[in-house]
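# Predicted model and sequence follow; I will ask about them next.
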Amino acid sequence: MSWEKEAEEIRKMRMAAKAQGGDEAIKAHHAKGRLTVRERIDTLLDQQSFQEQGRIAGSAERDDAGNITAFSPANYITGLGLVDGRRVAVGGEDFTLKGGSPNAAGLRKSVFAEELASQYRVPLIRMLEGGGGSVAKGKSTGTVGSPAYEKPRFLSISKLLGEVPVASAALGPVAGFPAARFAASHFSVMTRETAQLLIAGPALVERALNIKLTKEELGGAKIHSRNAVAANIAKDEEDAFIQIRRFLSYLPGNVWELASVQATDDPVDRMEESLLSIVPKNRRLPFKIRNLIALVVDRESFFEMGKHYGPGLATGFARLNGQSVGVIANDSYYYAGAMGADAAQKVRRFIELCDTFHLPIVNFTDEPGFMIGPDSEKDGTIKYGTSAVAAAVMSVVPWATVIIKKAFGVAAAAHFSENGYVLAWPSAEMGPLPVEGGVAVAYRRQIEEADDPEKLRAELEERLAAQQSPFPRAESFSVHDIIDPRETRPALCQWVSWIQPQLDQLKGPVSFSFRP
């Protein structure tokens, strides 16, 4: 007696699962400019590396003899594979079946994706497209709800953020629970034209609030690129996958490992002449911080995240002599680089991300202080700014701070950590607050009563600015060194070599890991 009949059933069920929602559903999906989940997995992963889990998960109907008469596959695909030779777990909704809203087996597989990444200690990549739960009932009238002893569904999602890198891509309309999964990621990217992210869709919003909006108006890329829900925006699905691959390349596979040091032909002693003139002599003029970063870190290694949220501060990954580092830098083109509430939250999360995965942090500091004014007070800037400061001073990874220009007020404390390596450029200015504000407050009466108020103001500002020079601080050893700007890369590459033993001691989970 052979098992030929059963083997044939397995083959047919697998074929049905591969067929997804059928040719017409796939054509309709392609017409919207979107790939199917299986096409996405094939595009992202190294060729022929996908090992699918639950290939015949779904719902089968049988006749009285036990023969399968119909089969509806799970509408979530998950499994293991390789990205640039590194092991990952991957999962995503099948929008061609029930619009991605999970059927019973699909829901179980989506929950299993987090468990799979945790079990094998590998990064998780989600390809999200679909809705959450539905009030529509299937044919089953059996058990309602999960058992009382079952673990909360979000426990594995939250726990995973402290164990392995999690990257999520929104590639079509995403609502409900999948939207929460998107937010519960270390890196989130959405496609500009085809993705929308929603707590609830237009129909529910109109029914509840009597507000009529399209999906794009509710949760398109223009909305979520500026509120930090999406760290980055991709021009299309291929670009989203490129960004995910690049994000993962800076990180270890899990918190029990360190990021690999990549081979580079960029000399550690490279000294760029243009760094001498990148900061204007005129204290009031801004400069292009990203140009400065590019001249210091390994060539073409800076990968920025969250550019359009809290734009006064830039955050991203880079490499120094092949070592992955986190980069925090003020952008003086936005309110002189002042830290607003949104920038403070961005910095706090980024510090936690680097702590979680043991990445050293490099600060290029041009901090005039917390953003001031009525809007800043309404935003609760002091609360979120203090949270950023707390994250910095409690950070467990090595820090190097290069004071490029300004370092003023309480906000400056978010650019330094315990036992950090502190360098200053000749253009650095340090003190309790910027000269202009200090003069306006301390000498208000004298300026008002002067024969030439503006002349006196300029004289006072010039005299006090000299007192904020980095030279007296370097002479009294308040900073580790004041350097020629051209020496920045050699100094940081040397620092990176010094800290290697410290990184090795950091392996394992941190006490306070990343929170979305």
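In hand now; what should we look at?
# give me the element V90 is part of.
strand 86-93 (DSSP states H and E).
# and that strand, how far out from the chain's middle?
Computed by CA atoms, centre = their mean, to the nearest Å, the chain-centroid distance of strand 86-93 equals 18 Å.
# which stretches of the stretch 351-500 of the chain have low pLDDT?
432-443, 456, 459-461, 463-467 (pLDDT under 70).
# hey, where'd the strands end up in it?
361-367, 399-408, 421-424, 429-431, 481-482 (DSSP state E, counting those that start in this stretch).
# Redo those strands as JSON lines? Include distance to F241 and mean neighbour count.
All C-beta atoms are positioned from the backbone trio N, CA, C, and that covers glycine. Output for the strands of the stretch 351-500 of the chain, formatted as JSON lines (distance: least, CB to CB, whole Å; neighbours: other CB atoms under 10 Å):
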{"stretch": "strand 361-367", "distance to F241": "27", "mean neighbour count": "26"}
{"stretch": "strand 399-408", "distance to F241": "32", "mean neighbour count": "26"}
{"stretch": "strand 421-424", "distance to F241": "36", "mean neighbour count": "22"}
{"stretch": "strand 429-431", "distance to F241": "43", "mean neighbour count": "20"}
{"stretch": "strand 481-482", "distance to F241": "42", "mean neighbour count": "15"}
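# Out of those, which is closest to R34?
strand 361-367 (37.3 Å; CB to CB).
# re the thing from before, and the strand holding V90, C-alpha only, in CSV?
C-alpha atoms of strand 86-93 as CSV (Å, rounded to 0.1, in the frame of the first residue of the first chain):
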residue,chain,number,x,y,z
ARG,A,86,22.6,36.5,5.1
ARG,A,87,19.8,34.6,6.6
VAL,A,88,16.5,36.4,7.1
ALA,A,89,12.8,35.6,7.7
VAL,A,90,10.3,37.1,5.4
GLY,A,91,6.5,37.4,5.3
GLY,A,92,3.7,39.3,3.6
GLU,A,93,0.0,39.4,2.9
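# Average pLDDT for it, rounded please.
Per-residue pLDDT over strand 86-93 has a mean of 95.
# What helices and strands are in contact with that strand?
Strand 86-93 sits against helix 37-44, strand 76-83, helix 104-120, strand 124-130, with contacts defined as 3 or more CB pairs under 8 Å, 6 or more residues apart in numbering; DSSP states H and E.
# still on that earlier bit, please tabulate the strands of the stretch 351-500 of the chain in a markdown table and include distance to F187 as additional columns.
Converted to a markdown table, these look like this (distance: least, CB to CB, whole Å):
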| stretch | distance to F187 |
| --- | --- |
| strand 361-367 | 17 |
| strand 399-408 | 22 |
| strand 421-424 | 27 |
| strand 429-431 | 34 |
| strand 481-482 | 34 |
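# Between these, which one is closest to E163.
strand 361-367 (20.7 Å).
# contact partners of that closest one?
289, 292-293, 296, 318, 320, 325-330, 332, 337-339, 351, 354, 395, 397-409, 411-412, 414-417, 492 (CB atoms under 8 Å, 6 or more residues apart in numbering).
# again, but for stretch 5-16
R55, I56, G58, A60, I68, F71, P73.
# Let's see if you can find the most crowded of these.
In terms of neighbours by other CB atoms under 10 Å, the contacts of stretch 5-16 top out with P73 at 27 neighbours.
# quick one, what contacts that residue?
M13, A16, A17, Q20, I56, A57, G58, D94, L97, A105.
# Report the beta-bridge partners for it.
G58 (DSSP bridges).
# ok, it to M371 distance?
52 Å (CB to CB, to the nearest Å).
# ok, now G201?
In terms of CB to CB, G201 sits 35 Å off from M371.
# Also W399?
Taking CB to CB, one finds W399 at 23 Å from M371.
# same thing with K507?
38 Å.
# Name the residues of stretch 31-40 that are buried.
For stretch 31-40, the neighbour count (16 or more other CB atoms under 10 Å) marks R34, L35, T36, V37, R38, R40 as buried.
# now the fourth one, nearest residue through space, not along the chain?
In this structure, V37 finds its nearest non-sequential neighbour in G92, 4.4 Å apart by CB to CB, 6 or more residues apart in numbering.
# count of neighbours near the one you found?
G92 has 28 nearby residues by other CB under 10 Å.
# gap between it and W498?
Distance from G92 to W498, by CB to CB: 42 Å.
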